[in-house]
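Novice: the amino acid sequence is not available; the structure is as follows:
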């Protein structure tokens with residue numbers, strides 16, 4: 001994110017970096033993860049992923065009045081005994097409060113790395 005460029009210029013504040021967040025009993029992180037899974041389920045036309053847990057979370061402050069980006073590594077599974085997977089989600093929480101779904105991708109099936 002901080003590495004993205006537009007017309008030869010770096011986007012975001014010059015000192016922007018991902019900062020690790022505590023995921024233990026963190027209601028904000030849990031809410032962002034649930035939002036990401038729900039949005040992915042809607043986007044995939046009837047997806048049925050269920051959030052298991054948030055393994056890791058990072059936050060990056062953006063330019064003034066732009067809000068924050070959240071990078072989440074979460075474990076989710078489809079019901080009916082399908083294997084759980086590790087997913088990476090990015091959510092943008094704007095300064096005004098709305099959350100925007102940016103991306104969601106599988107990192108691995110638990111026990112198997114996705115190449």
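Specialist: Received it, and whenever you're ready, just let me know what you need. Source: prediction; values computed, not measured.

Novice: at which residues are the strands of the protein located?
Specialist: Secondary structure of the chain (DSSP state E): strands located at 5-6, 9-10, 19-21, 50-61, 68-77, 85-93, 99-109, 112-113.

Novice: lowest average confidence, helix or strand, in the chain?
Specialist: Least confident helix or strand, the chain: strand 5-6 with a mean of 38, by mean pLDDT, DSSP states H and E.

Novice: and the strands of the chain, which one's lowest on average pLDDT?
Specialist: Ranked by mean pLDDT, the strands of the chain bottom out at strand 5-6, which scores a mean of 38.

Novice: residue 105 bridge partners, please.
Specialist: Beta bridges link residue 105 to residue 88, judged by DSSP bridges.

Novice: export the strands of the chain to TSV and append columns for mean neighbour count.
Specialist: (C-beta placed from N, C-alpha, C; glycine too.) What follows is the strands of the chain, written out as TSV (neighbours: other CB atoms under 10 Å):
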stretch	mean neighbour count
strand 5-6	8
strand 9-10	10
strand 19-21	13
strand 50-61	17
strand 68-77	21
strand 85-93	20
strand 99-109	14
strand 112-113	8
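
Novice: CSV please, covering these and showing distance to residue 36.
Specialist: Listed next are those as CSV, based on distance: least, CB to CB, whole Å:
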stretch, distance to residue 36
strand 5-6, 25
strand 9-10, 26
strand 19-21, 14
strand 50-61, 8
strand 68-77, 6
strand 85-93, 4
strand 99-109, 6
strand 112-113, 21
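
Novice: right, so of those, which gets closest to residue 34?
Specialist: Closest approach to residue 34 among the strands of the chain (CB to CB): strand 50-61, 5.7 Å.

Novice: figure out how far the closest one is from the centre of its chain.
Specialist: Centroid separation for strand 50-61 versus its chain: 6 Å, with CA atoms, centre = their mean, to the nearest Å.

Novice: and for stretch 61-73?
Specialist: Remark: stretch 61-73 is offset 11 Å from the chain centroid, using CA atoms, centre = their mean.

Novice: that one: end-to-end distance?
Specialist: 18 Å (CA to CA, to the nearest Å).

Novice: need the contact partners of that stretch.
Specialist: Residues from elsewhere that reach stretch 61-73, judged by CB atoms under 8 Å, 6 or more residues apart in numbering: 1, 12-13, 16, 18, 21, 29, 32-33, 36, 54-60, 86-96, 102, 107.
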